[in-house]
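Requesting a structural model of the entry that follows:
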Amino acid sequence: MHRTIRSFVTVVGTAGVLASGRSALAGGCSWSIGSYLNGFVPDFDQRRQPGPLFWDGMNFVPIPDGLPGNGANYCSPTSHVNVMAYLANHGFPALMPGGSAASWGSQTNYERVTDAIQEMGVMMETSATSGTTCCGHSGCVEYLETYTPGKFIVSSAASDAFDAPTIGDLAFCALAGGFVNLMIGWFENTGVNQWQKTGGHVVTMVGIEGWCGGDRKVKIRDPGNGNTSLMEQSVFATNTYTLQQLPGFFDSDGTSGIDVYFQRTYERMLGYNASDGRIGLINGYRVVLPKYGVTLDPPSTPGGPGVTFLNPIQPTNSSVPAVQSFAVPQFAAISDVAISPDGFGVLCIGTDGAGEPDPRVVRLNRATGETTEFTIGGSPVQATINRTGDRSFFVDETGVIRATEPTASGIMIETIVPPAPAAAAQYDDTTDSLIALLPTIREFVHFNPKEYTIEKRTVWPSAVALNGEPYMTVSPLDGSVWLRSRNSPTIYKIAFDRLLGAVIEESVNLPETVGDIGIDVSVAQTREHILLARQTGVIADYTKNTAGQWGPAEESDFAGLPARGKLLVARSRDCGVPELDGPNSLDQLPAASSPPEWDCPGDVDLDGDADFRDVLGVLADWGRTDEVPSDVDGNGGVGFGDVLGVLANWGPCR
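Predicted coordinates for the structure are as follows:
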């Protein structure tokens, strides 16, 4: 096996053709979530001090309960609970203790919120003294899988050696239906145009302006602002900051013995500083997305072949279509796709008009439908992407693996020649390795995805019989390979034992497998689901029952949805986050800066002030118990207290 460094290539952009007919700049130049009309994203306070001790009949307990260290380092759990409470009010009540709430800002819900933050902090391994330094991503995944198994995925991303998150990245996540928390780095000046990260903070993003041009702003819910009393929930508020690009040399790790600075351009939040004046830069983000699937459109689709996103899991106010198709006219037919870990892009490969593999790779933006394309020095027939998204791998028509990675000069391409032609390759997140399937010598080969070298070679179990084109996927649960061929009724689950090598853990025979094409394995909590794209054009979903037997899933979000050929279900992936051990990640609260935009109780008609028209609005809604602006006091029903609420807030909104 050898490798060859190829020349750099330039990415070419083209306007994507949208099957839905929407503009390529879907959503315009602004986006927001959280209003009286769609239910607020809460603005919970992270600083929570235990109250006086009271006897509960068995023990002395503080009322209200607090957080370790009074919550000074609990920004990450608190910001993520903002999202959980919003989702609890929009179709997923299990995500908060006691379910949904008419008003999360009410003091009556204070203890429930504290309990949720405490639990999220335990799962994230948040420290009272050093913050969330290791497990923000895994903790968020654990929380979601505990209370809504199989419903959501989490994608975490951060700056790397070449790039930092942009307002475009954040906008794409939001427009794709994601709920975004921003990781803010506090950077201090250490030289001429030289900056070092020496702390951090996490906030919830609720709005963007000007992301496709104009005055660029970001709106946040900040858990570090607000409460003067550490035993009461402060008024929910939104802070708005103008973004300014800051190029320079940056060191994100302030703990290493030798500081290494990389040239990058950050989004700076003007006026958003730490208490000692260090500037605030957007250093990363974490997005919670309803789990979705990807399949293919036939070549006969108007506009050309395309990619279909299946979005069966929908918050009650979602604006994302349940089935959303985008044309990729560069190809006569699409042969394979790979989902980018960031959650809003897929890589597509296909064939030309003669049915031969096309040398181009096309990246499709899920939020806008726009495409960019590049070539890899061969004609790819199969694609996969590593966990952090900085490397993509393609099996070409000769069985050679092409690896691509971005650099400051463009995309660098390496050629990996395996011991025999590869028929497929899939990335294993659990071991951070690339697993290639070599049918002619009946071997699996694990490659180191950074050095492009062989880590181990494993012979297939002798009982594995493939008849026709092989298909494989890797379980996100344990790294096992699920393997089948086009003309075989058997699906093999193969595990890799350190001493025994490749071992068949299961052989599964399902009635639909003969002739079916797409296969993927999804996980709900610790339960694996085999998903098949059947020749009948719909998805079949199989899982084990309590007796350990495989059969159709009793409850499935994807069974019966349309599918053709390739089938993938998005997975939670940690694309590298700024959660490093040491003081550089210590949660340090911001200084008071941008004037807060207070949520405006009493403004029933949403015209910017509380006046006589709002009293009439309360009277018109008298007795309603659903989520409406006229429920001014947030007690779950419209009545006399809401009239008093309008009077108490009489006049223009603060």
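
Outline the domain layout of this structure.
8-288+577-598, 609-652 (automatic domain parsing).

Name the stretch among those that sits most buried.
Across these, averaging neighbours per residue (mean count of other CB atoms under 10 Å) puts domain 8-288+577-598 on top, at a mean of 20. Just so you know, the C-beta spots here come from the backbone N, C-alpha and C atoms, and that holds for glycine as well.

Show me the shaky parts of the stretch 301-450 of the chain.
Across the stretch 301-450 of the chain, residues meeting the criterion (pLDDT under 70) sit at 301.

make it 80
Counting by pLDDT under 80, the stretch 301-450 of the chain has low-confidence residues at 301-304, 342-344, 407-410.

Do a quick rundown of the strands in it.
306-310, 323-327, 333-339, 345-351, 360-365, 371-375, 380-385, 392-396, 401-407, 410-416, 424-428, 433-438, 443-448 (DSSP state E, counting those that start in this stretch).

rewinding a little: so for Ile454, which of the domains of the chain sits nearest?
Closest of the domains of the chain to Ile454 is domain 8-288+577-598, at 25.3 Å (criterion: CB to CB).

returning to that earlier point: nearest to Gly501, of the domains of the chain?
The nearest among the domains of the chain, by CB to CB, is domain 8-288+577-598 at 29.2 Å.

Over that closest one, what's the mean pLDDT, rounded is fine.
Domain 8-288+577-598 comes out with an average pLDDT of 83.

residue ranges for the helices of the stretch 501-650 of the chain, please.
Here the stretch 501-650 of the chain has its helices, by DSSP state H, counting those that start in this stretch, at 612-620, 640-648.

Looking at those helices, which is nearest to Gly51?
Nearest to Gly51, of all those, is helix 640-648, at 25.4 Å by CB to CB.

helices or strands up against that closest one?
With contacts defined as 3 or more CB pairs under 8 Å, 6 or more residues apart in numbering; DSSP states H and E, the packing partners of helix 640-648 are helix 612-620.

Surely Trp186 forms part of a strand?
Yes. Trp186: assigned to a strand according to DSSP: H, G, I helix; E, B strand; the rest coil.

want to try CSV for the strands of the stretch 301-450 of the chain, with mean neighbour count and distance to Ser138 as columns?
Listed next are the strands of the stretch 301-450 of the chain as CSV, based on neighbours: other CB atoms under 10 Å; distance: least, CB to CB, whole Å:
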stretch, mean neighbour count, distance to Ser138
strand 306-310, 22, 26
strand 323-327, 20, 29
strand 333-339, 23, 20
strand 345-351, 23, 23
strand 360-365, 22, 27
strand 371-375, 19, 31
strand 380-385, 24, 20
strand 392-396, 25, 24
strand 401-407, 20, 25
strand 410-416, 19, 30
strand 424-428, 22, 17
strand 433-438, 23, 19
strand 443-448, 19, 23
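
what's the closest of these to Thr526?
Across the strands of the stretch 301-450 of the chain, closest to Thr526 is strand 424-428 (CB to CB), at 17.6 Å.

coming back round to it: could the strands of the stretch 301-450 of the chain be laid out in JSON lines, adding distance to Gly280?
Shown next, in JSON lines, are those (distance: least, CB to CB, whole Å):
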{"stretch": "strand 306-310", "distance to Gly280": "34"}
{"stretch": "strand 323-327", "distance to Gly280": "35"}
{"stretch": "strand 333-339", "distance to Gly280": "31"}
{"stretch": "strand 345-351", "distance to Gly280": "27"}
{"stretch": "strand 360-365", "distance to Gly280": "27"}
{"stretch": "strand 371-375", "distance to Gly280": "30"}
{"stretch": "strand 380-385", "distance to Gly280": "31"}
{"stretch": "strand 392-396", "distance to Gly280": "32"}
{"stretch": "strand 401-407", "distance to Gly280": "26"}
{"stretch": "strand 410-416", "distance to Gly280": "31"}
{"stretch": "strand 424-428", "distance to Gly280": "34"}
{"stretch": "strand 433-438", "distance to Gly280": "37"}
{"stretch": "strand 443-448", "distance to Gly280": "37"}
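
Of these, give the one that comes closest to Asp163.
Among the strands of the stretch 301-450 of the chain, if distance is taken as CB to CB, the winner is strand 401-407, at 7.5 Å.

got the contact list for Leu67?
By CB atoms under 8 Å, 6 or more residues apart in numbering, the contact list for Leu67 reads 46-48, 74, 114, 117-118, 121, 128.

what do you get if the cut-off is 10 Å, keeping everything else the same?
By CB atoms under 10 Å, 6 or more residues apart in numbering, the contact list for Leu67 reads 45-50, 73-74, 77-78, 114, 117-118, 121, 126, 128, 230.

And Leu243, by the same measure?
166-167, 170, 208-211, 215-218, 266-270, 272, 282.

next one: Glu125
Residues in contact with Glu125, defined by CB under 10 Å, 6+ apart, are 132-136, 138-139.

mind putting the domains of the chain in TSV, distance to Pro302 included?
Compiled in TSV, the domains of the chain are given as follows (distance: least, CB to CB, whole Å):
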stretch	distance to Pro302
domain 8-288+577-598	7
domain 609-652	39
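
for those domains, which one sits closest to Val523?
With CB to CB as the yardstick, what comes closest out of the domains of the chain is domain 8-288+577-598 (7.4 Å).

what are the ranges of the strands in the stretch 551-654 of the chain?
Under DSSP E, counting those that start in this stretch, the stretch 551-654 of the chain gives strands at 567-569, 573-575, 597-598, 609-610, 651-652.

Out of those, which gets nearest to Val464?
Closest to Val464 of the strands of the stretch 551-654 of the chain, according to CB to CB: strand 567-569, at 22.0 Å.

Just the mean pLDDT for the closest one, thanks.
Confidence for strand 567-569, expressed as mean pLDDT, is 90.

Just give me the residue right at the centre of the protein.
Ser155 (2.9 Å; CA atoms, centre = their mean).

who does it bridge with?
Val287, Arg573 (DSSP bridges).

Wait, it touches Leu289, no?
Yes. The criterion here is CB atoms under 10 Å, and Ser155 meets it with Leu289 at 6.7 Å.

Please identify every residue contacting each of these two.
Common neighbours of Ser155 and Leu289, using CB under 10 Å, 6+ apart, are 173, 178, 180, 343-344, 570, 572.

Those in helices, which ones?
Cys173 (DSSP state H).

right, and Ala648 touches Val615 too?
No. With contact defined as CB under 10 Å, Ala648 does not count as touching Val615 (12.0 Å).

which residues do these two both contact?
Common neighbours of Ala648 and Val615 (CB under 10 Å, 6+ apart) are Gly602.

circling back to that earlier point, looking at the strands of the stretch 301-450 of the chain, which is nearest to Val521?
Val521 lies closest to strand 424-428 among those, at 10.6 Å (CB to CB).

Give the other helices and strands that the closest one contacts.
Packing partners of strand 424-428 (3 or more CB pairs under 10 Å, 6 or more residues apart in numbering; DSSP states H and E): strand 333-339, strand 380-385, strand 392-396, strand 433-438, strand 443-448, strand 470-474, strand 481-485.

Relative to that strand, what are the paired strands and their orientations?
strand 433-438 (antiparallel).

Show me where the stretch 51-200 of the chain has its strands.
Using DSSP E, counting those that start in this stretch, strands in the stretch 51-200 of the chain cover 53-55, 60-62, 152-158, 179-191, 194-209.

Among the contacts of Leu243, which ones are in helices?
Among these, the ones falling in helices (DSSP H) are 167, 170.

Keep only those of the contacts of Leu243 that are in strands.
208-209, 217-218, 266-270, 272, 282 (DSSP state E).

now, which of these sits nearest Ile334?
Closest to Ile334, out of all of the ones in strands among the contacts of Leu243 and judged by CB to CB, is Ile208, at 31.0 Å.

partners of the closest one in the sheet?
Beta-bridge partners, per DSSP bridges, of Ile208: Trp31, Val218.

need the contact list for it.
Applying CB under 10 Å, 6+ apart, the residues near Ile208 are 27, 29-32, 167-168, 170-171, 174-175, 180, 216-219, 243.
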